[in-house]
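*Asks:* Sequence below, structure please.
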Amino acid sequence: MFTDAMTNLFTPDIDRATAFYRDLVGFTQTFQYPATGQPEHAEFRLGTFTLALSSVEAARTVSLPEPRRGNPAELVVWCDDVDAELAKLTAAGTPVLVEPFEHVAGHRRASVADPDGNWVTLVGEH
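*Replies:* Numbers count the residues shown, from 1 in each chain. Got it, this is the predicted structure:
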């Protein structure tokens, strides 16, 4: 069962993007990876909406295609069982971009393409 979602925007300059969303738009930062030093991923809340920012380099570490201007986003959906949900999606003909793997941040993830080619990443906690 899918349980939650967020939008992840890829950026070549995470500090610039953070300043825009946090300082100008008013999002509150709720998470950063790694926890100290230069982030490669950060999450923000505005009301009930969660927005994530990830460096272009972070996309490379999870084997997604190279983000480019006009296609720098992924929809992240949390689920109870990444492998089971991926099996259901692939049985329906959904193309797999990244097979399931254990991410260094401590979760399991896989990525698929929606019917328009947008990236959808399934994430599950252990």
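*Asks:* Please make it C-alpha for all contacts and neighbour counts, starting now.
*Replies:* Noted.
*Asks:* Break down the protein into its helices, ranges please.
*Replies:* 14-18, 56-61, 82-91 (DSSP state H).
*Asks:* I'd like to know which of these has the weakest mean confidence.
*Replies:* For these, the weakest mean pLDDT is recorded on helix 56-61, namely a mean of 82.
*Asks:* helices or strands up against that helix?
*Replies:* strand 2-11 (3 or more C-alpha pairs under 8 Å, 6 or more residues apart in numbering; DSSP states H and E).
*Asks:* Please repeat the previous calculation with a cut-off of 10 Å.
*Replies:* Applying 3 or more C-alpha pairs under 10 Å, 6 or more residues apart in numbering; DSSP states H and E, we find helix 56-61 packed against strand 2-11, strand 41-46.
*Asks:* Output the lowest mean pLDDT helix or strand found in this protein.
*Replies:* helix 56-61 (a mean of 82; mean pLDDT, DSSP states H and E).
*Asks:* so who does the residue of the chain positioned farthest from its centre touch?
*Replies:* Distance to the chain centre peaks in the chain at Ala91, reaching 22.8 Å (criterion: C-alpha atoms, centre = their mean). Listed by C-alpha atoms under 10 Å, 6 or more residues apart in numbering, the contact partners of Ala91 are Glu85.
*Asks:* give me the low-pLDDT residue ranges for the protein?
*Replies:* Counting by pLDDT under 70, the ranges of the chain that qualify are 69-72, 116, 126.
*Asks:* about what we covered before: using CSV, lay out the helices of the chain together with distance to Glu74.
*Replies:* Below are these laid out as CSV (distance: least, C-alpha to C-alpha, whole Å):
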stretch, distance to Glu74
helix 14-18, 16
helix 56-61, 10
helix 82-91, 16
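*Asks:* nearest to Leu46, of those?
*Replies:* Minimum separation from Leu46 across those (C-alpha to C-alpha) falls at helix 14-18, 13.3 Å.
*Asks:* ok, how many other residues are close to the closest residue to Leu9 other than its chain neighbours?
*Replies:* Distances taken as C-alpha to C-alpha, 6 or more residues apart in numbering place Ala73 nearest to Leu9, at 4.5 Å, with adjacent residues excluded. For Ala73, the neighbour count with other C-alpha atoms under 10 Å is 20.
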